[in-house]
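J.: 3D, please:
(2 chains, ligands or ions: 2)
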Amino acid sequence: MKMPESGSLASEGAKVVLATSCDENHPPENIIDGRSETFWVSTGLFPQEFIISFPSPKTISTLHLDCYNVKRFLIERSTDTDPVDFKPLQDEKDLPVTDNQLMKEEVRVSNVQANHLRVSILSGHDHFVSIHRLHING
Amino acid sequence: MTVGVEMCTKNINIPDSRDTVEMFIFDSAGKELFADVVQKYWDDPSLVMVVFDVTNEMSFKACDKWLGRVMSKNPHISCPGVLVGNKTDLEGRRVISEQTARQFAEANSLEYFECSASKMKNVEQPFYFLANAYHKLYKEKLEVMKSLA
Ligand SMILES: Nc1nc2c(ncn2[C@@H]2O[C@H](COP(=O)(O)OP(=O)(O)O)[C@@H](O)[C@H]2O)c(=O)[nH]1
Ligand SMILES: [Mg+2]
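T.: Ligands and ions are numbered 1, 2, ... in the order given. Prediction:
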């Protein structure tokens, strides 16, 4: 595996601690390596989810999610030391279809803190969806 | 007779790959009495298998209705599907010909199979077909995803 991009969540010590699908060629670490070319893929059925844990409390003002074929999704945060007690960052949201193009979604929040983030993909525009990059601006 | 929905799993290894398709099967009763109940389990179907009894015309006639019900669950995503004529061991009592069933299957973009569950004949084939079709879809989508950034 290539080194994560500098400034990516992985380079800051974040880890994907849970993912509901695992194709060894497209592991969940690809979400936080800062690159849009690498991705995590769901291997079938919904819902799907992944949890990212930060080494220290992370301030979030804008969250960028590059994905493909995600329809309904939900992002939640936890301020507990363990990845429990998740509270929504925003309401469930629907993304449009983007044919042969990455969907670049931006979620703005008012400087909240999180120790863990959980992204749930509740439905897709296809059987399989991919998450290419998650980036956070503090 | 199946009452409501029975849930089971089946793993199928895909030839020439290290991949396995793990099926979560919702074996749903065909009795109209259970129609509302069984459809509660059908969110976001991935694959479809419609089974009828080749000795029972009513059973064959009902396939159209059941197929429509599954496909309406997610009209924007197409699902690989199969039609299976069961009870081929009861040769003398057969009322639905292979040709009739095959025509219906083709008209609905389904692959057609015949089997005898009681004689354990040809039962695995439709499952292999579906698993391989799903795996093929997955591989195709991966190529699209790889081309995106
Ligand atoms: N002769 C014969 N009978 C069968 C076959 N498959 C099922 N049956 C009979 O058909 C009846 C209903 O079978 P079942 O699997 O419970 O049907 P379901 O309601 O569709 O799940 C039972 O009496 C079975 O023994 C078959 O391949 N040949
Ligand atoms: Mg049954």
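J.: how about the residue of chain A found nearest ligand 2, secondary structure?
T.: Ligand 2 sits closest to A:Leu45 of chain A, with a gap of 21.7 Å, by Cβ to the ion. Heads up, the C-betas are built off the backbone N, CA and C, glycines and all. Assigned by DSSP: H, G, I helix; E, B strand; the rest coil, the conformation of A:Leu45 is coil.
J.: and it, backbone torsions?
T.: Main-chain torsions, A:Leu45, degrees, to the nearest 10: phi 70, psi 160.
J.: and it, what does it touch?
T.: Contacts for A:Leu45 (Cβ atoms under 8 Å, 6 or more residues apart in numbering or on different chains) come out as B:Phe24, B:Asp44, B:Ser46.
J.: could I get those as CSV with neighbour count?
T.: Output for the contacts of A:Leu45, formatted as CSV (neighbours: other Cβ atoms under 10 Å in any protein chain shown):
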residue, neighbour count
B:Phe24, 13
B:Asp44, 17
B:Ser46, 19
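J.: Inside strands: which ones of these?
T.: When those are checked against strands (DSSP state E), the matches are B:Phe24.
J.: By pLDDT, give me the weakest of the contacts of A:Leu45.
T.: In terms of pLDDT, B:Asp44 ranks lowest among the contacts of A:Leu45, with 91.
J.: how near is that one to A:Ile52?
T.: Distance, B:Asp44 to A:Ile52, using Cβ to Cβ, to the nearest Å: 25 Å.
J.: Would you mind naming what in chain A lies close to chain B?
T.: By the rule Cβ under 8 Å from any Cβ of the partner chain, the part of chain A lying against chain B is A:26, A:35-37, A:39, A:41, A:43-46, A:68-69, A:100-102, A:123-128, A:130, A:132.
J.: could you flag which of those residues are buried?
T.: A:26, A:35, A:39, A:41, A:43-46, A:68-69, A:102, A:123-128, A:130, A:132 (16 or more other Cβ atoms under 10 Å in any protein chain shown).
J.: can you tell me which strand in chain A is longest?
T.: Of all the segments assigned as strand in chain A under DSSP E, the longest by residue count is strand A:48-68.
J.: Quick check: neighbours of the following helix or strand past it in the sheet, parallel or antiparallel?
T.: For strand A:48-68, the following helix or strand on the C-terminal side (DSSP states H and E) is strand A:72-78. Under the criterion DSSP bridges, strand A:72-78 sits next to strand A:87-88 (antiparallel), strand A:93-94 (antiparallel), strand A:103-121 (antiparallel) in its sheet.
J.: And the residue of chain B that's closest to chain A?
T.: Nearest residue of chain B to chain A: B:Ala149, at 4.0 Å (Cβ to the nearest Cβ).
J.: Tell me who's in contact with the nearest residue to B:Asp44 once chain neighbours are set aside.
T.: In space, and not counting its chain neighbours, B:Asp44 is closest to A:Phe46: 5.2 Å by Cβ to Cβ, 6 or more residues apart in numbering or on different chains. Contacts for A:Phe46 were tallied using Cβ under 8 Å, 6+ apart; they are A:Ile121, A:Leu122, A:Ser123, A:Gly124, B:Asp43, B:Asp44.
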